[in-house]
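Asks: Next one to model:
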Amino acid sequence: MMGVGMSALSRNDYRTLVLSALGGALEFYDFIIFVFFAVVIGQLFFPPDMPDWLRQLQTFGIFAAGYLARPLGGIVMAHFGDLLGRKRMFMLSILLMSLPTLAIGLLPTYAVIGIWAPLLLLALRIMQGAAIGGEIPGAWVFVFEHVPARHVGFACGTLTAGLTGGILLGSLVATAINEIYTPAELLSEGWRVPFILGGLFGLLSVWLRQWLNETPVFKEMQARQTLANELPLKTVIRDHRPAVVLTMAMTWLLSAAIIVMILMTPIMMQKLYAIPATVALQANSIATLFLSLGCIVFGALSDRFGPGRVMMVGCVMLGYTSMLLYSQMSVAPQHINALYALCGFFVGVIGVIPSAAVRAFPAVVRFSGLSFSYNVAYAVFGGLTPVLVSLFLPLDPLAPAHYVLLLSAVGVLIGLYLWRSDKSGVYG
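Replies: Numbers count the residues shown, from 1 in each chain. This is a model prediction of the structure:
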C-alpha cells in the first residue's frame, strides 16, 4: 500500500487518531443534538397557532434537510480533498459544522423575527449536513492514510467509535439540560446551551486539528505528480463501479444498524411495549456506549482475521441479538439493559466497514469515491429506513428487528465477498 508501512502505531499515529476521533465526536454531537431538542425547537421556531403534528413534521423536515445536503457537501469537499489535500478539508468540515451550530444557539425565534426564524434554521441545518458529508469520509481517509497497514481496521474502528460517541454525548447533554432547567427555563434560554457549547467545542477542534500533518499518501502523490488529472468523481463513476456498489451496500448495513437499533429503538420500546421513556433512554445510552466499544473491538479483529470473516460472524450475531432484544421485551422487559447492551456491542460490527470501504478505492480518487458512495447511499437508505420500518410495523410488530435481520444477511454476503477477494488478492 503506497506510503504506508507495516510498523506498530507510533506516538504521532496515536495523536492523529485521538485528535481525529475527538473532532469527529464533537462534530457528530453538533449534527445530532438538534433531534434531542426537536420538540422545543418546534415550539419556538414556528407559529404558535400551528397544529402540533404540522409543527413537528416541519421540525423533523428541517432535521432531515441535513441528511439530504450530505451528498453535495461530501462530493464538493472530497473533490478538493483529492486535489488540494486531506488536511485542509478535514479542518474545513469541522469549521463548517461549528459555525452553524453556534449560530443556531444564537438564532432569534419566531416571536422575534417571524418567518425568517425557520428559514434561517433550515439554511444553517443544510450547512451542517454539507459539513458532516465531508467529515466522515474525510476522517476515515485521513486516518487510513496515516497509520501502518496492519492497524487500519483498529484505527478506522476507533474513529467510528468517536463518531458514535458523539451520539452518546448528545444524549447525556440533553438529559443534563433537561434536569438543570425547568420546562419554562428550557423554552426561554436553556435550549441554546447545548448548541453554543457544541459550536465552541467545535472551534476548539479546528484549532487542535492544525497540529495534524498531511497524510503521507497524499504527500507522495504530490511529489510524484500523480494527483487526479480530471474530475475525480468522473473517474470514480467510469472506472470504479464495483467499489461504488460494494461501499453503498456496506453503507446500507451501517445506516440500518445505527438508525433502527440506536436512534429508533427507544421510541419503538415505548410504543410497542409501554416501556417508560426514562428506562428506554437509559438503556439506549448503555447500548451506545457498548456500540462504541464494539466498533474498536471489531475494527481490531479485522486487522487480525480480515474484514470478511469478522463481518460474517458479527452480522450473524447482530441479526440474532436484534431479534432477541425485540422478542424478549414482551416477556422479560426487566432485562432491557443487558439485552440492549449486547445488541449495541454487535451493532459495532459497523467498525469493520470504514477500512474495507476506503481500501476499495485507489488513493488518487479515494476521498471522492468513498464520499460519493457513502453519502448518496446514506441519504437514500437513511431516509427510506424509518419510512419502511414504520410502514411494516402495523403488519409486523417485530418489523424493526426483521429489517435489521435482513440487512445482517446482506452483511454476511458482503463479508463472504470480502473474504473471497482477500484470498484471491483482488481486494485490498
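Asks: Residue 263 is in contact with residue 291, correct?
Replies: No: Residue 291 is beyond contact range of residue 263, at 11.4 Å (criterion: C-beta atoms under 8 Å). Bear in mind the C-beta positions are built from the backbone N, C-alpha and C, glycine included.
Asks: And the two? Which one has more around it.
Replies: residue 291 (29 against 17; other C-beta atoms under 10 Å).
Asks: What distance do you get for that one to residue 202?
Replies: Distance of residue 291 to residue 202, computed by C-beta to C-beta, to the nearest Å: 22 Å.
Asks: Outline the domain layout of the chain.
Replies: Following automatic domain parsing, one finds the domains of the chain at 1-225, 228-428.
Asks: Least confident of these, on average?
Replies: Considering these one by one, the lowest average pLDDT is found for domain 1-225, at a mean of 82.
Asks: For residue 269, list the residues it contacts.
Replies: Contacts of residue 269 were listed using C-beta atoms under 8 Å, 6 or more residues apart in numbering, and they are 275, 279, 280, 283, 329, 336.
Asks: cutoff 6 Å now
Replies: Residues near residue 269 by C-beta atoms under 6 Å, 6 or more residues apart in numbering: 275, 280.
Asks: Give the residue farthest from the middle of the chain.
Replies: residue 49 (35.5 Å; C-alpha atoms, centre = their mean).
Asks: Secondary structure class of that one, three-state.
Replies: At residue 49 the chain is in coil, as set by DSSP: H, G, I helix; E, B strand; the rest coil.
Asks: chain center to the strand or helix carrying residue 278: distance?
Replies: Element membership for residue 278 (DSSP states H and E) is helix 277-305. Taking the mean C-alpha point of helix 277-305 and that of its whole chain, the gap between them comes to 14 Å (C-alpha atoms, centre = their mean, to the nearest Å).
Asks: again with stretch 396-410
Replies: Offset of stretch 396-410 from its chain centre (C-alpha atoms, centre = their mean): 20 Å.
Asks: neighbouring contacts of it?
Replies: 253, 256, 260, 268, 315, 318-319, 322-323, 326, 389, 392-393.
Asks: From those, list the buried ones, please.
Replies: Neighbour counting by 16 or more other C-beta atoms under 10 Å classes 253, 256, 260, 268, 315, 318, 319, 322, 323, 326, 389 among those as buried.
Asks: Tell me which two of those sit farthest apart.
Replies: Using C-beta to C-beta, the two most remote members of these are 268 and 315, lying 21.0 Å apart.
Asks: tell me the contacts of residue 36?
Replies: Residue 36 touches 170, 174, counting by C-beta under 6 Å, 6+ apart.
Asks: if we can go back for a sec, okay, and which of the contacts of stretch 396-410 map to strands?
Replies: Of these, none are assigned to strands by DSSP state E.
Asks: any idea which of those residues is closest to residue 119?
Replies: Distances from residue 119 to those, taken by C-beta to C-beta, are shortest for residue 389, at 30.9 Å.
Asks: Against residue 375, how distant is the closest one?
Replies: Taking C-beta to C-beta, one finds residue 389 at 22 Å from residue 375.
Asks: for residue 361, same thing?
Replies: 14 Å.
Asks: Could I get the buried residue list for stretch 54-69?
Replies: 55, 56, 58, 59, 62, 63, 64, 65, 66, 67, 68, 69.
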